[in-house]
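Colleague: only geometry, no sequence info:
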Ligand SMILES: C/C(=C\COP(=O)(O)O)CCC[C@H](C)CCC[C@H](C)CCCC(C)C
Ligand SMILES: Nc1ccn([C@@H]2O[C@H](COP(=O)(O)OP(=O)(O)O)[C@@H](O)[C@H]2O)c(=O)n1
């Protein structure tokens, strides 16, 4: 009645990939001694992986909801100005989402569970932006002046980019990591610093300032390096730092230039900054 040793190992090893599960259920497995008793344990391992990732999704969804509610409360109590609150949500949402990716399992399907979080928030933004729902906390903490329609622009593009990076790049590529670091960390800080200290405007764009752009460049660079180091230490990304640092510097510089351009009326920063970062990162990292 005791499972064969390999089944025990299989049951408790890292969640099995679909390929492993298919192989163990194929006619080949019994032929090499992996008898049907193993399949009884293989199924739970796959089911465990599903349950594990579903739990991680619920946890990150809860974190997203708590983040927005917390800043809504801080705004309601006049502890934070609405504009600053929104920008802090902008900065923290993307960085904490990036930070949460290693929570999910090593299964090839894990990225879909992670992408489900920004997707749910995309639906939340659509429902509230189209006035099909009315989450005052969400509207107050994510818009500039409480207009629900604003949810359908910057915030919606933002969560769509989060979804795209999770699905397309995930943990194994520096492209998604740097793109989200520049969109959330870099662009978010540019607004905060620029509004407060941006008296010296950029010659070709009177709505943007040297202080805002320089802060985006510096903060975006260091957040990108920090996030790449986080993923490198966890073993997801292997980088040669002597070439990575100048590459990230170039990517940050180009993203900052694009963010400073007077094109906000044509394309939102939450689209232009990450897409340009993805393109430059693709060519510089040759992924
Ligand atoms: C305020 C936001 C964007 C506005 O951009 P801009 O117009 O100022 O340029 C961000 C909107 C965030 C969204 C409502 C919530 C996203 C949560 C995220 C998908 C998951 C976070 C998980 C983590 C564990 C908190
Ligand atoms: N490079 C930058 C970016 C923003 N800012 C300041 O931040 C405000 C909002 O910037 P933005 O239009 O990029 O705001 P979002 O679209 O990121 O919400 C600008 O009107 C400027 O006052 C800046 O001074 N320099």
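Modeller: Done, it's in. Bear in mind the structure is a predicted one, so any value in this text is a computation, not a measurement. Ligands and ions are numbered 1, 2, ... in the order given.
Colleague: contacts and neighbour counts: CA atoms only from here.
Modeller: OK.
Colleague: separation between residue 153 and ligand 1?
Modeller: 7 Å (CA to the nearest ligand atom, to the nearest Å).
Colleague: need the contact list for that residue.
Modeller: residue 268 (CA atoms under 8 Å, 6 or more residues apart in numbering).
Colleague: can you pull the residues of the stretch 151-287 of the chain lying near ligand 1?
Modeller: 154-155, 158-159, 270 (CA under 6 Å from any ligand atom).
Colleague: just put those in CSV and tack on neighbour count, secondary structure and pLDDT.
Modeller: As requested, those are exported to CSV (neighbours: other CA atoms under 10 Å; DSSP: H, G, I helix; E, B strand; the rest coil; pLDDT from 0 to 100):
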residue, neighbour count, secondary structure, pLDDT
154, 17, helix, 95
155, 20, helix, 96
158, 24, helix, 98
159, 23, helix, 98
270, 25, helix, 97
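Colleague: how near is residue 181 to ligand 1?
Modeller: 13 Å.
Colleague: isn't that residue up against residue 222?
Modeller: No: contact between residue 181 and residue 222 fails when scored by CA atoms under 8 Å: they sit 9.1 Å apart.
Colleague: these two - which one has more neighbours?
Modeller: Comparing residue 181 with residue 222 by other CA atoms under 10 Å, the one with more neighbours is residue 181, at 30 against 20.
Colleague: and the pLDDT at the more buried one?
Modeller: Note for residue 181: predicted pLDDT of 98.
Colleague: what's the answer for residue 28, then?
Modeller: Residue 28 is given a pLDDT of 70.
Colleague: that one - how many residues pack around it?
Modeller: 12.
Colleague: how far off centre is the longest strand along the chain?
Modeller: Determined from DSSP state E, the single longest strand within the chain is strand 205-209. In terms of CA atoms, centre = their mean, to the nearest Å, the centre of strand 205-209 is set 28 Å apart from its chain centre.
Colleague: cool, and stretch 229-239?
Modeller: Taking mean C-alpha positions (CA atoms, centre = their mean), stretch 229-239 and its chain are 16 Å apart.
Colleague: ends of that stretch, what's the gap?
Modeller: Terminal residues of stretch 229-239 lie 9 Å apart, using CA to CA, to the nearest Å.
Colleague: what do you get for stretch 256-266?
Modeller: Using CA to CA, first and last residues of stretch 256-266 are 17 Å apart.
Colleague: is ligand 2 within reach of that stretch?
Modeller: Yes: using CA under 6 Å from any ligand atom, stretch 256-266 reaches ligand 2 at residue 260.
Colleague: rounded mean pLDDT for that stretch, please.
Modeller: 95.
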